[in-house]
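*Asks:* give the three-dimensional model of this entry:
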Amino acid sequence: MDLDTVIVGGGQAGLALGHHLHRAGVPFAILDAHDHVGDAWRQRWDSLTLFTPRRFSALPGLPFPGDPDGHPGKDEVADYLARYAAHFALPVRLGCRVTSVRPGPAGGFTVDTSTGTLQARRVVVAAGAFHTPRIPDVARKLAPRVAQVHSARYRRPGQLPGHDVLVVGGGNTGVQIAAELADDGRRVALAAPTLGPVLPQCWLGRDIFWWFSRSGTMRLSPQSRLGRRIAAQNPIIGTDVAGLLRRVDRVGRVVDAEGDHVRFAGGGRRRVDAVVWATGFRAHYPWLQVPVLDPSGAPVQREGVTDWPGLYFLGLPWQRARGSAVLGWVGRDAEVLAARLAEDRRPAPARPAVPA
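*Replies:* Take a look at the predicted model:
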């Protein structure tokens, strides 16, 4: 085998796992398609600021610099991840796009990349959960003159033409972008049939994530009753939603479109110059040629472990807990997985001799 372990993806999940594997003495390489560590964060919208304060935004072994109670911007996160990889001298192979992971001819896996082919005993998939935008089919019915952008490619209000903008999606991303566009003087409609419960960024003098940390909220299991409830609610954090709804028009679910008009559930209709689809992402692993995906393309796994020996996932939402896909908490899942991989490398105990 060329490598003991290949980690696909050099974001926070892959880097945190790399740190723990390095400490455990497990040989590995991190493969990342970007040109620089942290580029996935640099490509997000300009004003993006984390909900989590810096004290709760660090990966294992390296504090996040700056005011621990302040909230970092997306470029700060990107720079921190690059510093993290350099600080621990993690073996990140940049510009290395994985094109295929398939069972190897002699066991393990064959990993085809844009820079060559590797053989690996184990593969950890730490990418793919937030890479492929989900855009409804109705988008194709809009006229070419209507500018359309998914939130993954939204950068700033100035990239959108015209005055009338529709933001589709009522999660944290949708309400934040709607607020920014309203601040820019656009006439904004927010298509959000449902909105989750609104939580303040600060409560009783403490950041909400201080309370989450003290109460164990970020460690909640997806199988727990409270975990299932929180996952279904998708709370909105830190946005003054009541104030926002006084500045934007809230409309229903998008059901159809024609030309530069969009129709909503209940019969409403609106002309738009631009649409921002804040409609989330879908799991997408077209390069994974191992039968561990369900019919929708999502991984079939339990706490990151699949039924295919040697193939694991890391960084999925609610993989082991509420914090599994959150920057400051993914290290806990990484530590558990690294311990499993290190244990798997140890030689099996010798069997006692059988008397003749």
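
*Asks:* now the strands for the stretch 251-356 of the chain?
*Replies:* Under the criterion DSSP state E, counting those that start in this stretch, the stretch 251-356 of the chain carries strands at the ranges 254-258, 261-264, 269-271, 274-277, 281-282, 311-313.

*Asks:* how many other residues sit next to the nearest residue in space to Val292 that is not next to it in sequence?
*Replies:* Of all residues beyond its chain neighbours, the one nearest Val292 is Thr306 (4.3 Å), with distances taken as CB to CB, 6 or more residues apart in numbering. Glycine gets a C-beta too; all of them are placed from N, C-alpha and C. For Thr306, the count of nearby residues is 19 (other CB atoms under 10 Å).

*Asks:* can you pull the contacts of Thr306?
*Replies:* 292, 299-300, 312-313 (CB atoms under 8 Å, 6 or more residues apart in numbering).

*Asks:* from those residues, pick the one nearest Arg271.
*Replies:* Pro299 (41.0 Å; CB to CB).

*Asks:* please report the distance of the residue lying closest to that closest one once chain neighbours are set aside from Ser57.
*Replies:* What sits nearest to Pro299 in space, not counting adjacent residues and going by CB to CB, 6+ apart, is Phe313, at 5.1 Å. Distance, Phe313 to Ser57, by CB to CB, to the nearest Å: 22 Å.

*Asks:* over to Val124?
*Replies:* Taking CB to CB, one finds Val124 at 22 Å from Ser57.

*Asks:* picking that back up, export the strands of the stretch 251-356 of the chain to TSV and append columns for distance to Phe51.
*Replies:* Shown next, in TSV, are the strands of the stretch 251-356 of the chain (distance: least, CB to CB, whole Å):
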stretch	distance to Phe51
strand 254-258	27
strand 261-264	29
strand 269-271	30
strand 274-277	20
strand 281-282	18
strand 311-313	24
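
*Asks:* what sits against Ile135?
*Replies:* Here Ile135 is in contact with 148, 150, 277, 279 (CB under 8 Å, 6+ apart).

*Asks:* from those residues, which ones fall inside helices?
*Replies:* When DSSP state H is applied, the contacts of Ile135 are split such that none fall in helices.

*Asks:* by neighbours, which of these wins?
*Replies:* Counting neighbours by other CB under 10 Å, Trp277 leads the contacts of Ile135 with 24 neighbours.
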